[in-house]
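Peer 1: Below are the sequence and a predicted model; questions follow.
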Amino acid sequence: MSHPWLAALKIYAHPRVVGMLFLGFSAGLPLLLVLGTLSFWLSEAGIDRATIGHLSWVGLAYGFKFLWSPLVDRLTLPLLTRTLGRRRAWLLLSQVCIAAALLGMANTDPVLNLTHTVYFALAVAFASATQDIALDAYRIEAVETEKQGAMAATYQAGYRIAMITAGAGVLWIAAAVDSSEASYDFHPWQVAYTTMAALMAVGIVTTLIIREPQHAAPVPRIGEQGFAAWLATSFVQPFVDFFARYKWQALLLLALIAVYRISDVVMGVMSNPFYQEMGFTKDEVATVSKVYGVIMTIAGAGLGGLLVARLGVMRTLMLGALLSAATNLLFVWLAGRGHDVGALVFTVSADNLSAGIASSAFVAYLSSLVNQAYSATQYALFTSVMLLLPKFIAGFSGEFVDAYGWANFFTGTAAIGVPVLLLVWLAGRGKG
């Protein structure tokens, strides 16, 4: 009956892998609360669309987290670092700050004081991005490379559950408390956001329970080497180290990181307008993407973690790249069928399954490139590089559809995934 695969499944019983489920929940909870869900609240409160659009810039904190990641990597926190260790200290501080800022949002009515709501939302986003930096560093240092796929899988599962909680969950709580939805009432939102602040206890308790990972190198304090030298060690050395270790191959690795998720990111921007144009209702899209999509992403992430443990990172990375590009062709088929819910379920399920596999493999691969002496800084750099080119190209996706149509657009998003296969192969040869 199948020993090696059953043995590989045991990886999900590892305490650190289980812990990532709850830490993933803690990481996923704040995101929608300062973006999509907050937009819904502000819209109901009568805030104009232009202002709501501008407030989405709060999310830029996540895109620029690499700027302060060296501080999370190298700066010790009074009392906390000595008591909990470097990673857990920053995790706990950021989680407590998220909970406090969410409580601040819960007790500020945007109709009466929108400025305070914005300040608290910025605080949530900044603390949440800081939690991401510390959490990525913890995950990289906590287990060896073959377990990174499983860590990524449980993290993604927790993250997705949190996004449902912070999205549909908040709206459900607010609706249950609201006696009349005919007019705006601050109280239901106060109850919903207070509940979300309380749910940050999941991350806080987990951080207090988990063990601090062993560090590859001790972190020098500012006083031990002078401020200028500490600054150079913290902000410059992580980047110098990466190029020193990989030499000319560093450019190949950065190219692979920059384009690995390009098929999914470029296609994803146009998916909702496509569904709408095909005649799918909001309920149909929500049900398929939130239910089937989330289930298949979690299943794909779990399968990806298993494949990394069994087949290795590079083979799973190649499979993930191949599936991500190939499943985009299913949207060409869906465009030909039009309004067919069964076809939508199949297409979204296959697309999300492949995205889950690719994500687990990619996180495991990025983790293997990091020097544990600079975990937070180097990983934050990689995740920034990962999104820059795909997001830029995705900005032109609407014009492309207007000019060439849906079938050519989806074929194009599959085609731009082909060079990724070559880069994975070259990177795999270099590793060998």
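Peer 2: Thanks, I have it. Note that this is a predicted model, so its numbers are computed, not measured. Residues are numbered from 1 along each chain as shown.

Peer 1: Spell out which residues make up each domain of the chain.
Peer 2: By the assignment in automatic domain parsing, the chain contains the domains 1-215, 227-432.

Peer 1: Just put these in a markdown table and tack on mean neighbour count and mean pLDDT.
Peer 2: No exception for glycine: its C-beta is placed from N, CA and C like everyone else's. Converted to a markdown table, the domains of the chain look like this (neighbours: other Cβ atoms under 10 Å; pLDDT from 0 to 100):
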| stretch | mean neighbour count | mean pLDDT |
| --- | --- | --- |
| domain 1-215 | 19 | 85 |
| domain 227-432 | 19 | 85 |
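
Peer 1: residue boundaries of the helices in the stretch 251-400 of the chain?
Peer 2: 262-277, 282-287, 294-311, 313-327, 329-337, 341-369, 375-394, 397-404 (DSSP state H, counting those that start in this stretch).

Peer 1: mind putting those in TSV, distance to Ile52 included?
Peer 2: Listed next are the helices of the stretch 251-400 of the chain as TSV, based on distance: least, Cβ to Cβ, whole Å:
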stretch	distance to Ile52
helix 262-277	18
helix 282-287	19
helix 294-311	26
helix 313-327	32
helix 329-337	30
helix 341-369	28
helix 375-394	21
helix 397-404	21
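
Peer 1: Nearest to Ala201, out of those?
Peer 2: Relative to Ala201, the nearest member of those by Cβ to Cβ is helix 294-311, separated by 22.9 Å.

Peer 1: Could you give the separation of that closest one from the chain centroid?
Peer 2: A distance of 16 Å separates the centroid of the chain from that of helix 294-311, by Cα atoms, centre = their mean, to the nearest Å.

Peer 1: Other residues contacting that helix?
Peer 2: Helix 294-311 has contacts (Cβ atoms under 8 Å, 6 or more residues apart in numbering) with 4-5, 8-9, 11-12, 146-154, 156-157, 160, 164, 315-316, 319-320, 348-350, 352-361, 364.

Peer 1: can you do 6 Å?
Peer 2: Here helix 294-311 makes contact (Cβ atoms under 6 Å, 6 or more residues apart in numbering) with 8, 11, 146, 149-150, 153, 156-157, 160, 316, 349, 352-353, 356-357, 360-361, 364.

Peer 1: Pretty sure Pro110 sits against Thr117.
Peer 2: Yes - with contact defined as Cβ atoms under 6 Å, Pro110 reaches Thr117; the gap is 4.3 Å.

Peer 1: do you know how far the closest residue to Val205 other than its chain neighbours is from Ile209?
Peer 2: Of all residues not flanking Val205 in the chain, Phe22 sits nearest, at 7.9 Å (Cβ to Cβ, 6 or more residues apart in numbering). Distance from Phe22 to Ile209, counting by Cβ to Cβ, to the nearest Å: 9 Å.

Peer 1: same deal with Gly169?
Peer 2: 24 Å.

Peer 1: do Ala162 as well
Peer 2: 18 Å.

Peer 1: cool, and Ala134?
Peer 2: 16 Å.

Peer 1: can you check Leu91 too?
Peer 2: Relative to Ile209, Leu91 is positioned 12 Å away (criterion: Cβ to Cβ).

Peer 1: Quick one: residues contacting Cys97.
Peer 2: Ala127.

Peer 1: and if we set it to 10 Å?
Peer 2: Contacts here follow Cβ atoms under 10 Å, 6 or more residues apart in numbering; on that basis Cys97 touches Ala123, Val124, Phe126, Ala127, Ser128, Thr130, Gln131, Met200.

Peer 1: Can you pick out the most distant pair from the residues you listed?
Peer 2: Maximum distance among these (Cβ to Cβ): 14.9 Å, for Phe126 and Met200.

Peer 1: Find the nearest non-adjacent residue to Ile173, please.
Peer 2: Ranked by Cβ to Cβ, 6+ apart and with sequence neighbours excluded, the top spatial neighbour of Ile173 is Ala192, at 4.2 Å.

Peer 1: Leu353 now?
Peer 2: Computed as Cβ to Cβ, 6+ apart, the closest residue to Leu353 that is not its neighbour in sequence is Gly300, at 4.0 Å.

Peer 1: And for Leu29?
Peer 2: Ala162 (4.3 Å).

Peer 1: Now do the contacts for that neighbour.
Peer 2: Shown in contact with Ala162 (Cβ under 10 Å, 6+ apart): 22, 24-33, 169, 196, 199, 202-203.

Peer 1: Give me the subset of the residues you listed lying in helices.
Peer 2: Judged by DSSP state H, these include 22, 24-33, 196, 199, 202-203 as members of helices.

Peer 1: closest to Leu79 among these?
Peer 2: Gly203 (19.7 Å).

Peer 1: who touches the closest residue to the closest one other than its chain neighbours in this structure?
Peer 2: In this structure, Gly203 finds its nearest non-sequential neighbour in Ser26, 2.5 Å apart by Cβ to Cβ, 6+ apart. Listed by Cβ under 10 Å, 6+ apart, the contact set of Ser26 reads 91, 94-95, 98-99, 128, 131, 135, 158-159, 162, 199-207.

Peer 1: Please apply the same query to Thr51.
Peer 2: Taking Cβ under 10 Å, 6+ apart, one finds Leu42, Pro110, Leu114, Val118 in contact with Thr51.
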